[in-house]
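Visitor: this one's structure only:
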């Protein structure tokens, strides 16, 4: 066994490799909170500063009696405190917190925090060793730095929206938005990586400011798109559910309205597929003799396969493909994900006790580490707004109950 | 200035925060090579072991006189050595390399390396402090651990394929594959993060084995999909180019065949859009009075907007939307990316001198760090197969020219 995924063996490092680090989050919505949750999942003590009204993301997605279900996951393993950054008292409080932290992650619009008096010089004055991570749409420099940038805009400028579409001439429908906030999540992953790389640095004192642009995070995923255009003028085009250089590989419809992936794009696999379809003659058809012929004639090829799959229910189709050793799977929706044996065996779907919502299914921390179990890595569900005010302001910053009360009355916390 | 993106200021840490670390890559195709390239971009010395035939990914994408253009980026900043892992001599050589490295990253099918004699115990025997990172389709444990898993399968099982589609009833076309190898790249990001977190750990000796599953990396991006299904039975459905809870927000067609994003989903922005369209009456239309009404009547709303955008060329459309301060952008293809001023200002698109291909446009390292410039972070383009055999085998492992020649003749390197 190379990892402890779903194992009960644990050691003193239960919380994960970043145990012993403390991170301050000045984040809201998705990118920065996702980055700091990745660090919290790996054992870091993450303190999330929210305005007294709370992060607006708490109102996103389905609510149960006024409480966000997604928040249980999105906010997990963090401590929440409230602080009105615009209040005059905030500067001293923030300074005290920064001196106790290894890194700070923020995703205000570029320049906005500096406008409130919290620029990099302020952070460094509070803590000369701190790692500062900025996440924004366009990055902290350049002519568009201070422009607003929704996720959909960053994804389009990063080149992903254009490529996520059916092939030209297939449909008039617009290119598809990747079905999740992919730009924010990938920017969050890069931010977490940049912060941890700075913390791991063997040259302390340098590489302490990390600048993540959502647009650039997306652009970094485009494989050969940029160099191939630069070198030979090739403009990469969308190809729908297909892979342009491998056929057949697509999602195919079933009788009961599901989609099943079939990836039979070697000659060997394709012959087996034709036999299974009871159309052995297709394997020797001139149009399909090898992968490049199949790619050229992929329209008629997919029509033939779809005609077959439409007559079979998903479960039977999958079983027959698996029996023939042809790479296949169901296109999973939430019910299939939750029921999947492999995910269950690895504790990828955890039943977490949320004090507000009761039992909630959480996707587990990724990746797995030896020396800890995923179950132990989820220490608590997303906290309520300011749930940790007392333990942090009183115990960490030595503030008196009286001053806490007064700050609360004044709307500072 | 908070970062050195596009600045000339550099210090001794030019290469980035991971300068001084050494990583061994036993990778091929995308996920592991992408992970180790992220580390190389941040300054780590990455040694990539290839079979004497070379990584098959060198044949992917457009070629120029037999050389892969994408490889210039995908292999950059690494040193390439050849080694036939199945040769009896390989074990001692690998052992010598491992003792010089801080981490090893591999993406063979689970169990395959162990089958060749290279299990975790072997890695640890060679170097007790080494961080071991496995990347695979299903992870290293569980009933499906050893199954093959193409990227398209991992993306479908991770739930992303289902959600990346037009809304039900809109089209018979299959759900779209995200236009790049998103599952491999996200798995690579998690692997890089896991490795660096283990290196940064303040409890050395634990958290040294990292287990990344492509399926789980994808699943981790699904926001509220799993908890909302678990708690209230809500099955998240695809919504095409739209955001289900915000309208209008989509890509709209232009007269000259481009797509332009318009995100006018607040009442304020929507009123400005209606004025710009010369249809002020739409802003007070019962069907569009607020965001929830607009979401309910999004079909007719988008029809009205498309009717307008189809009559205007992209450049003029964008200019008029920008003048009206409505969030907008072109859906970028490669030519627009390369010409973009913001990317150029931040040196996100670098002109790199490749000794084989000549000048090649590279997307720069992400993220930016203070103390280095992106231009300096790209130390060299993707090497040829075994380009660094001499300097590594001779200088690092003290092998003689004679034994190198003999290993080469024997097909070992």
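Guide: Structure's in. What do you need? The structure displayed is predicted, hence computed values, not measured ones. Numbers count the residues shown, from 1 in each chain, chains lettered A, B, ... in the order given.

Visitor: What helices and strands are in contact with the longest helix anywhere in chain A?
Guide: For chain A, the longest helix by residue count, based on DSSP state H, is helix A:182-200. If you count contacts as 3 or more Cβ pairs under 8 Å, 6 or more residues apart in numbering or on different chains; DSSP states H and E, helix A:182-200 packs onto helix A:31-41, strand A:103-106, strand A:131-136, helix A:151-157, strand A:209-213, helix A:214-219, helix B:182-200. Heads up, the C-betas are built off the backbone N, CA and C, glycines and all.

Visitor: now do 6 Å
Guide: helix A:31-41, strand A:131-136, helix A:151-157, strand A:209-213, helix A:214-219, helix B:182-200 (3 or more Cβ pairs under 6 Å, 6 or more residues apart in numbering or on different chains; DSSP states H and E).

Visitor: how about the ones you listed, which one is nearest residue B:241?
Guide: helix A:151-157 (8.8 Å; Cβ to Cβ).

Visitor: so how far is that closest one off the chain centroid?
Guide: 16 Å (Cα atoms, centre = their mean, to the nearest Å).

Visitor: Mind listing residues that contact the helix or strand that comes right after it?
Guide: Following helix A:151-157 in sequence order, the next helix or strand is helix A:160-163 (DSSP states H and E). Contact partners of helix A:160-163, identified using Cβ atoms under 6 Å, 6 or more residues apart in numbering or on different chains, comprise A:155, A:175, A:218, A:238, B:179, B:331, B:333.

Visitor: Could you report the separation of the residue nearest to the third one when sequence neighbours are not counted from residue B:323?
Guide: Meaning residue A:218. Distances taken as Cβ to Cβ, 6 or more residues apart in numbering or on different chains put residue A:158 closest to residue A:218, at 2.6 Å, once the chain neighbours are dropped. Residue A:158 is 24 Å from residue B:323, where distance means Cβ to Cβ, to the nearest Å.

Visitor: Which stretch among the helices and strands packed on helix A:182-200 approaches residue B:376 most closely?
Guide: Here strand A:209-213 is closest among the helices and strands packed on helix A:182-200 (Cβ to Cβ), at 15.4 Å.

Visitor: hmm, the closest one in reach of chain B?
Guide: Yes - in terms of Cβ under 6 Å from any Cβ of the partner chain, part of strand A:209-213 sits within range of chain B, namely A:209-212.

Visitor: Tell me who's in contact with residue A:183.
Guide: A:151, A:154-155, A:214, A:218.

Visitor: how about 7 Å then?
Guide: A:151, A:154-155, A:158, A:214, A:217-218 (Cβ atoms under 7 Å, 6 or more residues apart in numbering or on different chains).

Visitor: Can you give me the pLDDT of it?
Guide: Looking at residue A:183, its pLDDT stands at 98.

Visitor: what residues are up against residue A:307?
Guide: Contacts of residue A:307 (Cβ under 7 Å, 6+ apart): none.

Visitor: my read is it is in a strand, agree?
Guide: No - counting by DSSP: H, G, I helix; E, B strand; the rest coil, one finds residue A:307 to be helix, located in no strand.

Visitor: Leaving out chain neighbours, which residue sits closest to the residue nearest the centre of chain A?
Guide: Centroid-nearest residue in chain A: residue A:185, 3.6 Å away (criterion: Cα atoms, centre = their mean). Leaving aside its sequence neighbours, residue A:185 sits nearest to residue B:221 (Cβ to Cβ, 6+ apart; 4.9 Å).

Visitor: ok, now which ones touch the one you found?
Guide: A:180, A:182, A:185, B:160, B:186.

Visitor: Most neighbours among the residues you listed, which one?
Guide: residue B:186 (29 neighbours; other Cβ atoms under 10 Å in any protein chain shown).

Visitor: Neighbours of residue A:356, how many?
Guide: Neighbours around residue A:356, by other Cβ under 10 Å: 16.

Visitor: tell me what the helix or strand encompassing residue A:353 is packed against?
Guide: Per DSSP H and E, residue A:353 falls inside strand A:349-354. Packing partners of strand A:349-354 (3 or more Cβ pairs under 7 Å, 6 or more residues apart in numbering or on different chains; DSSP states H and E): strand A:358-363.

Visitor: between the strand it packs on and strand A:349-354, how big is the angle?
Guide: 140 degrees (axes from the mean of the first three to the mean of the last three Cα atoms, to 10 degrees).

Visitor: sec struct for residue A:146, please.
Guide: Residue A:146 ends up coil, using three-state DSSP.

Visitor: mind checking how far it is from chain B?
Guide: Using Cβ to the nearest Cβ, to the nearest Å, residue A:146 is found at 11 Å from chain B.

Visitor: and that residue, what does it touch?
Guide: Contacts of residue A:146 (Cβ under 7 Å, 6+ apart): A:109-111.

Visitor: Relative to the whole chain's centre, how far out is the helix or strand containing residue A:260?
Guide: Using DSSP H and E, the element containing residue A:260 is strand A:259-263. Computed by Cα atoms, centre = their mean, the chain-centroid distance of strand A:259-263 equals 24 Å.

Visitor: next one: stretch A:249-267
Guide: With Cα atoms, centre = their mean, you get 26 Å for stretch A:249-267.

Visitor: what do you get for stretch A:345-354?
Guide: Worked out by Cα atoms, centre = their mean, stretch A:345-354 lies 18 Å from the chain centre.

Visitor: swap in stretch A:313-331?
Guide: Using Cα atoms, centre = their mean, the offset of stretch A:313-331 from its chain centre is 29 Å.

Visitor: Now neighbour count too, for the residues of strand A:209-213 next to chain B, in CSV please.
Guide: Shown next, in CSV, are those (neighbours: other Cβ atoms under 10 Å in any protein chain shown):
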residue, neighbour count
A:209, 25
A:210, 30
A:211, 28
A:212, 31
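
Visitor: Mind putting those residues into CSV with distance to residue B:366 and pLDDT?
Guide: Output for the residues of strand A:209-213 next to chain B, formatted as CSV (distance: Cβ to Cβ, whole Å; pLDDT from 0 to 100):
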residue, distance to residue B:366, pLDDT
A:209, 15, 97
A:210, 10, 98
A:211, 10, 98
A:212, 7, 98
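
Visitor: Give me the spatial nearest neighbour of residue A:96, chain neighbours excluded.
Guide: Using Cβ to Cβ, 6+ apart, the nearest residue to residue A:96 is residue A:397, at 4.8 Å.

Visitor: I misspoke; the intended subject was residue A:232.
Guide: residue B:62 (6.0 Å).

Visitor: Please, which helix or strand holds the nearest residue to residue A:89 once chain neighbours are set aside?
Guide: Nearest residue to residue A:89 in three dimensions, chain neighbours excluded: residue A:412, at 5.0 Å (Cβ to Cβ, 6+ apart). Residue A:412 is part of no helix or strand when elements are defined by DSSP H and E.
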